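Q: Only the shape, not the letters, is given here:
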């Protein structure tokens, strides 16, 4: 059997994750707290994955930036707690997921197609300005479509939510790239084929969830 390319593997894994998200939304519709379970599971998985990454990274790299990794672990606790609080309003979590996934996918796809100047090559060699702009546009489109599919109404405020969340999610991605660069690892783990680990996939939440919680209180 022929081995799938990295791009095909990534697309297939993304499709599986999207199907899982649909199942979570259906479960929430039927009255089960599936969104809160998912949010807590992701937050706890990110913390565990970070600890495992610290254990397998070169000892010198860990000792050299121990304060940074400690602060990042504490922040992941904050992300998990605020995520559980925001999940009391499940539709917000689902909206955030749609925006982040669309922004991340758009940045990756159009960054590969268009190319151009690197955004911050010292942190992440693959990220380009064209990818960032495309990611923001895709995230904004997903946000607007969420409102249209849910209410059949165009809500202009969702445009600003899409722009803000997509931008914040990309800076969460850059933060995770900084941590990986300092640790000397490519991915936090290989849990998701073609995507790396849970932290690699959901690093867009790093700033989004605390900021959303702060806005809601």
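A: Sure, I can see it. What you are looking at is a predicted structure, and each value in this text was computed from that prediction instead of being measured.
Q: can you pull out the strands in the protein?
A: Secondary structure of the chain by DSSP state E: the strands cover 118-120, 124-128.
Q: Residue 69 reaches residue 55, doesn't it?
A: No - with contacts counted by C-beta atoms under 8 Å, residue 69 stays clear of residue 55, the gap being 11.3 Å. From N, CA and C alone the C-beta is placed, and that goes for glycine too.
Q: Between those two, which is the more surrounded one?
A: Higher neighbour count among residue 69 and residue 55: residue 69, with 21 against 9, using other C-beta atoms under 10 Å.
Q: which stretches of this structure aren't confidently modelled?
A: For the chain, residues meeting the criterion pLDDT under 70 lie at 1-7, 10, 116-117, 119-126, 194, 217.
Q: tell me which residues of the lengthiest helix in it are tucked away?
A: As assigned by DSSP state H, the longest helix anywhere in the chain is helix 157-183. Within helix 157-183, the residues that count as buried by 16 or more other C-beta atoms under 10 Å are 158, 161-170, 172-180, 182-183.
Q: now swap in stretch 50-62 and tell me
A: Taking 16+ other C-beta under 10 Å as the criterion, stretch 50-62 shows 50, 53, 54, 57, 61, 62 as buried.
Q: Ok, stretch 94-114 next?
A: Quick answer for stretch 94-114 (16+ other C-beta under 10 Å): 94-111.
Q: Identify all contacting residues around it.
A: With contacts defined as C-beta atoms under 8 Å, 6 or more residues apart in numbering, stretch 94-114 is touched by 14, 17-18, 21, 24-25, 28, 35, 86, 126-128, 130-132, 134-143, 145-146, 161-162, 165-166, 169-170, 173, 202, 204-205, 208-209, 212.
Q: ok, back up a step: taking the buried residues of stretch 94-114 one by one, which sit in helices?
A: 94-111.
Q: ok, which stretches of the chain are helices?
A: Under DSSP H, the chain gives helices at 6-29, 34-56, 59-64, 66-86, 90-114, 129-151, 157-183, 198-202, 205-216.
Q: For those helices, please prepare a markdown table with the additional fields distance to residue 192.
A: Putting the helices of the chain into a markdown table (distance: least, C-beta to C-beta, whole Å) gives the following:
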| stretch | distance to residue 192 |
| --- | --- |
| helix 6-29 | 5 |
| helix 34-56 | 11 |
| helix 59-64 | 24 |
| helix 66-86 | 18 |
| helix 90-114 | 12 |
| helix 129-151 | 19 |
| helix 157-183 | 14 |
| helix 198-202 | 6 |
| helix 205-216 | 15 |
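Q: Identify whichever of those helices lies nearest to residue 189.
A: In terms of C-beta to C-beta, the element of these nearest to residue 189 is helix 34-56, at 5.4 Å.
Q: who touches the closest one?
A: By C-beta under 8 Å, 6+ apart, helix 34-56 touches 23-25, 27-28, 62, 69, 72-73, 76-77, 79-81, 83-84, 86-88, 90, 93-94, 179, 183, 185, 188-189, 191, 197-199, 202, 205.
Q: one more time with 6 Å, if that's ok
A: Helix 34-56 has contacts (C-beta atoms under 6 Å, 6 or more residues apart in numbering) with 24, 27-28, 62, 69, 73, 76, 80, 83-84, 87, 90, 93, 188-189, 197-199, 202.
Q: Alright, calling it a day.
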